[in-house]
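Asker: What follows is a predicted structure for the sequence shown.
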Amino acid sequence: MKENKKNRRDFLNTCFRFAAGAGIVGIAGVLAVKSQKGDFLWQLDPTKCTQCGRCATSCVVTPSAVKCIHVYDMCGYCDLCGGYFRPNVKKLSTGAENQLCPTGAIKRSYVEDPFFKYEIIDELCIGCGKCVKGCGAFGNGSLQLQVSHDLCVNCNHCAIARDCPSDAFSRVPIEQAYKFAGFKSNKKI
Amino acid sequence: MKKSLVFISLLIVFVGTQFAAFSQQQRFPKPEFESGYTQPVTSMPVPSSGMFALLDVLVLIAALSLITWFILKKRSRTGVVAVSIFSILYFGFFREGCVCSVGSVQNVVLALFNPGYHIPLSALAFFVIPLAYTLFFGRTFCAGVCPLGAVQDVFLMRPVTLKKWLQKALGLIPYIYLGLSILYAATATDFIICRYDPFVGIFRFNATFFMFAIGAAFLLISIFIARPYCRFFCPYGVILNLVSRVSKNHLTITPSNCIQCKLCESSCPLDAINKPVEVKQMEDKRSATRRFILLSLIIPALMVVGGWTGANFHENLAKVNSKVRLADEMLHFDSKTMNESLEIVGFRTSGKPVKQLYLEASEIVKQFYYGGWILGAFIGLIIGLALSGLSTYRYREDYTPDKGNCVSCARCLKYCPVEKD
């Protein structure tokens, strides 16, 4: 009697084990086939971005994986750069008191009269978007926020996407990693 | 010529402040440089390669195999501790707690419910591989491969036994947590397991004070109460618990026949050792039948009550969704007394019609209505099953690990004096 009972329990256990195994294999199979369709990553759509500044604080990476990227093709090389200078500056010089960027991440260098080149020093940029806002308001909008993919850890659920008030973050196929507004990149990754 | 250009630019700049729409156009043409200036290339860094993802999966398999060997063959607690420390260092501090199996539940759910989401293979592997090991060898993943479990296990110094009823009651939390995280992942609302991970902030050294306080509290508690997160919160533990119950080769306290020396009795800090029942009793037929009828009435009743309650709460549950929250805010926005929030400003700039937002939000709320029913019914079922578990009687001859609750930490093995045959 006892032997019999034990066998029954073992038999049920085996049945459940096979059911669980089949379930795991089934789910894994379906999802594995689906995941073959390619890698996805998080991307910031600058046409939707309102430069609220949350990219600087919400990212799990410090400093943020969102950086200002300069689209040189669109830059007007202005002497009075809306992205570089604070409003109402006294002098158009590289003095820290004149700069809009809170970390001094924009390097301004003279090219030729009256043009100046603006470069972003990636290590200093925190992705606050202040320069982007300035450039968009007064200039061509060549400074744009983008997810810098060498830094992005591609979270399950992007912490910035959750906090973004303008729904600018979405998951896109890896081929469309970067999206610049008003400029088509020919480069494929 | 150039001076006049600058003048015009300045003019446009000042005019431009008044006309935001105008700013969308390219105002200043790119100059043609005479000094032979070469324009730098716009930087577009390549995504970091999937090397680490593959390495992580390999390390996971290696660590799981090793710890399983330590537990089932070598029966060595020292080995488990060694793997635990490795996991804390590698999966915890080095990989900063990402990818983790506990969170991968949400990826799987999102991938199942959302056709647009392709789960990364590594996340899928982190979900499936520990499950497969658990199916064959018990919860060896929990024992020391999961960095969350390992860090609590290492902190355990003076284990205190909790009252049985308290354990049962707290043991319901992981099911609710799992249900909620599935609901939020399925509606693509949020990944709450990742958001409220107690240790990830400590692993990354960048926790906010609140997050650090929770993590530190868990670690302090785990000095006295074994693995508070694993037992009373971990949603992945729920799944492993169920799978482990039917595992093929679970850890056994004695390597051969138990001599009933009772030394292992209090060795388990998780209270996962089932003590033998001295006398074999049979429940009389009438009370057994009555119990069966009562339970078969109570469990569906609990499910209906739970479902109804969940459905009534669906609007509150849906408020976590950002779209629903925005729609709610827009609906109650009063421009006279309130300042526009960043969300409202963002929505206005997008130029999307408000009606569309309301439609989308109501669609999500509807999903939460059905989700609320299912979640509530699930919680009702779990409570019902817990009740039935309390009232069933099972005869045991030996000290055996409770296959569900045992995390195979191998502490009990040290206490058993029986040598291998």
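Answerer: Perfect, I can see it now. Numbers count the residues shown, from 1 in each chain, chains lettered A, B, ... in the order given.

Asker: residues contacting A:Gly26?
Answerer: For A:Gly26, the contact set (CB atoms under 8 Å, 6 or more residues apart in numbering or on different chains) is empty. Where C-beta positions appear, they are placed from N, C-alpha and C, glycine not excepted.

Asker: What residue spans form the domains of the chain?
Answerer: Defaulting to chain A. Using the TED database, the domain parsing of chain A gives A:1-36, A:40-176.

Asker: my question was about chain B
Answerer: Per the record, chain B has its domains at B:2-17+B:52-262+B:400-415, B:283-390, by automatic domain parsing.

Asker: is it possible to export these to a markdown table including mean pLDDT and mean neighbour count?
Answerer: Listed next are the domains of chain B as a markdown table, based on pLDDT from 0 to 100; neighbours: other CB atoms under 10 Å in any protein chain shown:
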| stretch | mean pLDDT | mean neighbour count |
| --- | --- | --- |
| domain B:2-17+B:52-262+B:400-415 | 90 | 19 |
| domain B:283-390 | 92 | 16 |
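
Asker: Any chance of those domains in CSV with distance to chain A as columns?
Answerer: Below are the domains of chain B laid out as CSV (distance: least, CB to the nearest CB, whole Å):
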stretch, distance to chain A
domain B:2-17+B:52-262+B:400-415, 4
domain B:283-390, 3
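
Asker: Need the ones you listed in a markdown table (columns: distance to A:Trp42).
Answerer: Shown next, in a markdown table, are those (distance: least, CB to CB, whole Å):
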| stretch | distance to A:Trp42 |
| --- | --- |
| domain B:2-17+B:52-262+B:400-415 | 12 |
| domain B:283-390 | 16 |
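
Asker: rewinding a little: can I get the domains of chain A in TSV with distance to B:Thr392 and mean pLDDT?
Answerer: Listed next are those as TSV, based on distance: least, CB to CB, whole Å; pLDDT from 0 to 100:
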stretch	distance to B:Thr392	mean pLDDT
domain A:1-36	13	85
domain A:40-176	39	91
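
Asker: Pick the most buried one from the ones you listed.
Answerer: domain A:40-176 (a mean of 20; mean count of other CB atoms under 10 Å in any protein chain shown).

Asker: what distance separates the start and the end of that domain?
Answerer: 9 Å (CA to CA, to the nearest Å).

Asker: What of stretch B:252-262?
Answerer: Length of stretch B:252-262, first residue to last, CA to CA: 15 Å.

Asker: now swap in stretch B:92-101 and tell me
Answerer: Start-to-end, stretch B:92-101 (CA to CA) is 12 Å.

Asker: and if you look at stretch A:83-95?
Answerer: 15 Å.

Asker: is that stretch up against chain B anywhere?
Answerer: No - judged by CB under 8 Å from any CB of the partner chain, stretch A:83-95 stays clear of chain B, getting no closer than 8.8 Å.

Asker: Smallest distance to chain B belongs to which residue of chain A?
Answerer: A:Gly76 (2.7 Å; CB to the nearest CB).

Asker: And for B:Ser48, nearest residue in space, chain neighbours not counted?
Answerer: Nearest residue to B:Ser48, sequence neighbours excluded (CB to CB, 6 or more residues apart in numbering or on different chains): A:Asp150, at 5.5 Å.

Asker: next one: B:Val109
Answerer: Nearest residue to B:Val109, sequence neighbours excluded (CB to CB, 6+ apart): B:Ala185, at 4.1 Å.

Asker: Return the residues in contact with the one you found.
Answerer: Applying CB under 8 Å, 6+ apart, the residues near B:Ala185 are B:Val105, B:Gln106, B:Asn107, B:Val109, B:Leu110, B:Phe113, B:Phe191.

Asker: could you pull out the strands for chain A?
Answerer: Along chain A, counting by DSSP state E, strands occupy A:40-44, A:66-70, A:106-112, A:115-120, A:143-147, A:169-173.

Asker: Turn the ones you listed into TSV, columns for distance to B:Ser43.
Answerer: TSV is the format used below for these (distance: least, CB to CB, whole Å):
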stretch	distance to B:Ser43
strand A:40-44	15
strand A:66-70	6
strand A:106-112	14
strand A:115-120	8
strand A:143-147	9
strand A:169-173	19
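
Asker: Surely A:Ala181 and A:Pro46 touch.
Answerer: Yes - here A:Ala181 reaches A:Pro46: they are 4.3 Å apart, a contact under CB atoms under 8 Å.

Asker: tell me, what's touching these two both at once?
Answerer: By CB under 8 Å, 6+ apart, the residues touching both A:Ala181 and A:Pro46 are A:Gln144.

Asker: List the single closest residue to residue 122 in space, sequence neighbours excluded.
Answerer: This is for chain A. Using CB to CB, 6+ apart, the nearest residue to A:Asp122 is A:Lys67, at 5.8 Å.

Asker: Correction: the question concerned chain B.
Answerer: B:Ala53 (3.8 Å).

Asker: so which strand or helix has the one you found?
Answerer: helix B:51-69 (DSSP states H and E).

Asker: what's the closest residue to B:Phe141 other than its chain neighbours in contact with, if anything?
Answerer: Excluding the flanking residues, the one nearest B:Phe141 by CB to CB, 6+ apart is B:Pro130, at 3.8 Å. Residues near B:Pro130 by CB under 8 Å, 6+ apart: B:Leu60, B:Leu64, B:Ser101, B:Phe141, B:Val145, B:Cys146, B:Tyr236, B:Leu240.

Asker: Apply 10 Å and report the result again.
Answerer: The neighbourhood of B:Pro130, defined by CB atoms under 10 Å, 6 or more residues apart in numbering or on different chains, consists of B:60, B:64, B:101-102, B:104, B:139-142, B:145-146, B:236, B:239-240, B:243.

Asker: Which ones among these map onto helices?
Answerer: Using DSSP state H, the members of the contacts of B:Pro130 that fall in helices are B:Leu60, B:Leu64, B:Ser101, B:Val102, B:Ser104, B:Thr140, B:Tyr236, B:Ile239, B:Leu240, B:Val243.

Asker: Check the burial of whichever residue of the stretch 1-150 of chain B sits closest to chain A by counting its neighbours.
Answerer: As assessed by CB to the nearest CB, chain A sits closest to B:Phe28 within the stretch 1-150 of chain B, at 2.7 Å. Residue neighbour count, defined by other CB atoms under 10 Å in any protein chain shown, stands at 20 for B:Phe28.

Asker: Repeat that for the one 10 residues further on.
Answerer: B:Thr38 is flanked by 6 other residues according to other CB under 10 Å.

Asker: who touches it in this structure?
Answerer: For B:Thr38, counting by CB under 10 Å, 6+ apart, there are no contacting residues.

Asker: before we move on, the earlier item: wait, doesn't the residue nearest to B:Ser122 sit right on B:Pro47?
Answerer: No - taking CB atoms under 10 Å as the definition, B:Ala53 is not a contact partner of B:Pro47, at 11.4 Å.

Asker: Have a look at the chain and report its longest helix.
Answerer: All of this is about chain A. helix A:2-35.

Asker: nope, chain B please
Answerer: Identified as the longest helix of chain B according to DSSP H is helix B:354-391.

Asker: No further questions, thank you.
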